[in-house]
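Undergrad: missing the sequence, but the structure's below:
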């Protein structure tokens, strides 16, 4: 169809806007919005109506709608302050005010005239063709029906529509729907608390399975008959799994079924045997998880066959929809995502396939002949693979980040958590008196690092869709994208070179060197394995630690010769500083040392602080002053300690375990917005 819009001609088939012979191509969503406006001229259209009709109910942020409207205005050369096409009514919607006339294309008009002139002549031929087509169609339908009876359908289902099951503030996570589809279990994180909720989908009412103010509850799982549920409840000093009956809509009292090590935050599920459960636990806080089975009637606990534990170990697993087969998602030796299957009856483990990506956590589909998982960070797609890791198919895509889905009891649909997060970089003085946000956008910015002269800040931003390196000029107060990454990297840390010529990038299992002049990157020749504690030794080399045989070892890498050299065996980590006396060392016994001569640290306060957190250095030193973060209630207070005065004080509180420090200036992260809700899909053929 063509529309004449004032001086423009819009064709929704070619996705073009033409004026005075000049054709402007439109993005698909921009074209869809303009077509909707043309079909509804002069009408006040709300955002919800736009989302319903143009985005077909998919999860869309206000920012996504704003971007499309902005692009459409630009194509029409429309001034929002004096609009001739699109008028915005705050909190109400949009109105397309331009004059519109619909018409068919010249080609369509010519074809119509020809068809009228030859209509009588072709009538009998058309009737013959129609009868023939009907006969062929009936034969095809019969053949398809017989084929479906003879063999299973392996075509992935595409999730065309979703609807929200929760609309609460904060984060709604880990959905589990009861077998009768009437009650939803989920974990809610809000205002520093984490609680397990049970919501009736019939009445909308919910109750909290509360074990006290300082306890975090969930995730949970239903027994296959829906008459009992199990869940995790943890505090700073305890870890416990509980069982509760659920009969006629009434919860029974909590029954303790297992004490896990303090600091372990795993999950528990029922198998198809109602007396047998599977759970995960870590031997110590921050350690890798292992899988166990629990027999309720006898209390017998058995360690299951499983892949070697790496990083978080075997914390992510899913039960086959009809058999006692566990799908285990765990990193392999190179830290790529590896999927294995455990036959619980035989306690036999077999490798399924490995994906060379940093995605998280697969589940079986409803028939058990494919697996489904979110794509790499920021994970805005759900992708289906066959059991050989082949024939990938995107079954759902969105602008929000999507968590690992769960199967709906109806045997066709899925539930998942999806939402947005906006984390900004805060620039403040060491006294905490001055605070300024840097390069703030509506998406995450993180891992901010001062250049050696303190004039610039490098950081990671999702502004272009996935992780890219950006640089902020503190004097000019401008931000620009530096890197040209073509895929997600799962970046953990950044460091400037001494001369500010390069940015060194620590990803999950690789190291890169990015030129600050060109933005071009070079992959450093290091093993694909666990790497932590990146620091810059001098203009020729960087330092980092590699984990081997469950032990960290410092290595040096020459950026000119690409030679990797192991440091003295006694050192686990070393954090080089601009001032040599502020360099920090940690030996194999966990003792701290400072400076080129490696003087021992005697302060009991400093000895209690972890040097490395989430593979980054957490403890910093400038002369007699120390800085570090300490996790508390899902936030990260930043402390300063004067060693001479033995005085400790709180400077600020961050929303991530990361900060940087240059002279009297500090960079931390602050959470501007975070929300996720639980959605239920409606499946359709791909």
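TA: Yes, it's here. Note that the coordinates shown come from a computational prediction; the quantities given were computed from them, not determined experimentally.

Undergrad: Could you pull out the strands in the stretch 401-550 of the chain for me?
TA: In the stretch 401-550 of the chain, the strands defined using DSSP state E, counting those that start in this stretch lie at 401-402, 406-407, 414-429, 435-438, 445-450, 456-461, 468-473, 478-481, 491-496, 502-507, 511-515, 521-523, 531-536, 541-548.

Undergrad: Pairing partners for the second one, with directions?
TA: Read that as strand 406-407. Taking DSSP bridges as the criterion, strand 406-407 pairs within the sheet with strand 414-429 (antiparallel).

Undergrad: just to revisit the earlier point, closest one to residue 328 among the strands of the stretch 401-550 of the chain?
TA: Closest to residue 328 of the strands of the stretch 401-550 of the chain, according to Cβ to Cβ: strand 406-407, at 16.3 Å. For the C-beta atoms, the positions are set from N, CA and C on the backbone; glycine is no exception.

Undergrad: Next one: the nearest residue to residue 20 once chain neighbours are set aside from residue 101, what distance?
TA: Counting by Cβ to Cβ, 6 or more residues apart in numbering, the nearest residue to residue 20 once its immediate chain neighbours are dropped is residue 7, at 7.5 Å. Distance, residue 7 to residue 101, by Cβ to Cβ, to the nearest Å: 12 Å.

Undergrad: Give me the neighbour count for the closest residue to residue 376 other than its chain neighbours.
TA: Closest residue in space to residue 376, ignoring its immediate chain neighbours: residue 488 at 3.9 Å, by Cβ to Cβ, 6+ apart. One way to gauge burial is a neighbour count; for residue 488, by other Cβ atoms under 10 Å, it gives 18.

Undergrad: circling back to that earlier point, least confident of the strands of the stretch 401-550 of the chain, on average?
TA: Across the strands of the stretch 401-550 of the chain, the stretch with the lowest average pLDDT is strand 435-438; it has a mean of 82.

Undergrad: List the buried residues for it?
TA: Of the residues in strand 435-438, those buried under the neighbour-count criterion (16 or more other Cβ atoms under 10 Å) are residue 438.

Undergrad: hmm, back to that, and the residue nearest to residue 20, how far from residue 24?
TA: Shown here: residue 7 relative to residue 24, a distance of 13 Å by Cβ to Cβ.

Undergrad: These two: who's more crowded?
TA: Each of residue 7 and residue 24 has its neighbours counted (other Cβ under 10 Å); residue 24 has more, 15 against 11.

Undergrad: Could you give the bridge partners of that one?
TA: In this structure, residue 24 has the following beta-bridge partners (DSSP bridges): residue 17.

Undergrad: mind checking pLDDT for it?
TA: Reported pLDDT at residue 24 in the predicted model: 88.

Undergrad: what do you get for residue 264?
TA: 88.

Undergrad: Residue 70 belongs to a strand, doesn't it?
TA: No - the assignment for residue 70 (DSSP: H, G, I helix; E, B strand; the rest coil) gives helix, which keeps it out of a strand.

Undergrad: residues near it, how many?
TA: Counted with other Cβ under 10 Å, the neighbours of residue 70 add up to 13.

Undergrad: Please list all residues in contact with it.
TA: Under the criterion of Cβ atoms under 8 Å, 6 or more residues apart in numbering, the contact list for residue 70 is empty.

Undergrad: Okay, it and residue 620: tell me how far apart.
TA: As it turns out, when the distance is counted by Cβ to Cβ, residue 70 lies 42 Å from residue 620.

Undergrad: just checking, residue 76 touches residue 17?
TA: Yes - counting by Cβ atoms under 8 Å, a contact exists between residue 76 and residue 17, whose distance comes to 7.4 Å.

Undergrad: where do the contact lists of these two overlap?
TA: By the contact definition Cβ under 8 Å, 6+ apart, residue 76 and residue 17 are jointly contacted by residue 8.

Undergrad: which residue ranges form the strands in the stretch 101-250 of the chain?
TA: Using DSSP E, counting those that start in this stretch, the strands assigned to the stretch 101-250 of the chain run over residues 157-164, 171-177, 183-190, 193-200, 206-208, 216-222, 228-235, 238-247, 250-251.

Undergrad: For the first one, the averaged confidence score.
TA: Spelled out, that is strand 157-164. 77.

Undergrad: Can you give me the domain assignment for the chain?
TA: 2-107, 118-150, 170-303, 317-412, 421-674 (automatic domain parsing).

Undergrad: out of those domains, nearest to residue 161?
TA: Scanning the domains of the chain with Cβ to Cβ as the criterion, the closest one proves to be domain 2-107, at 5.2 Å.

Undergrad: where does the chain have low pLDDT?
TA: 56-61, 103-158, 160, 430-434, 633, 683-686 (pLDDT under 70).

Undergrad: So which residues of it form helices?
TA: Remark: helices of the chain, listed N- to C-terminal, are 28-39, 47-53, 62-76, 106-117, 119-150, 604-607; assignment by DSSP state H.

Undergrad: Show me what counts as buried in the third one.
TA: By neighbour count, with 16+ other Cβ under 10 Å as the criterion, the buried positions of helix 62-76 are 64-65, 67-69, 72-73, 75-76.

Undergrad: any chance of those in JSON lines, plus distance to residue 637?
TA: Listed next are those as JSON lines, based on distance: Cβ to Cβ, whole Å:
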{"residue": "64", "distance to residue 637": "35"}
{"residue": "65", "distance to residue 637": "37"}
{"residue": "67", "distance to residue 637": "36"}
{"residue": "68", "distance to residue 637": "41"}
{"residue": "69", "distance to residue 637": "41"}
{"residue": "72", "distance to residue 637": "46"}
{"residue": "73", "distance to residue 637": "45"}
{"residue": "75", "distance to residue 637": "49"}
{"residue": "76", "distance to residue 637": "50"}
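
Undergrad: relative to strand 456-461, how tilted is the strand of greatest length in the chain?
TA: If each strand of the chain is counted by residues according to DSSP state E, the longest one is strand 665-685. Between strand 665-685 and strand 456-461, the angle formed by their directions is 20 degrees, by axes from the mean of the first three to the mean of the last three Cα atoms, to 10 degrees.

Undergrad: between strand 665-685 and strand 183-190, how big is the angle?
TA: Strand 665-685 and strand 183-190 meet at an angle of 160 degrees, taking the same axes, to 10 degrees as the criterion.

Undergrad: what's the residue nearest to residue 20 sitting at in phi/psi?
TA: Note on residue 7: its backbone torsions stand at phi -90, psi 0 [degrees, to the nearest 10].

Undergrad: That one reaches residue 19, doesn't it?
TA: Yes - using Cβ under 8 Å, residue 7 is in contact with residue 19, at 5.5 Å.

Undergrad: how far does stretch 76-88 stretch from start to finish?
TA: From the first residue to the last, stretch 76-88 extends over 15 Å; the measure is Cα to Cα, to the nearest Å.

Undergrad: what does that stretch contact?
TA: Contacts of stretch 76-88 with the rest of the structure, by Cβ under 8 Å, 6+ apart, involve 5-6, 8, 17, 37, 69, 72-73, 94-98.

Undergrad: likewise stretch 303-313?
TA: Applying Cβ under 8 Å, 6+ apart, the set of residues contacting stretch 303-313 from outside is 278, 280, 282, 287-293, 314, 326, 328, 330-333, 335, 338, 340, 342, 344, 347-349, 530.
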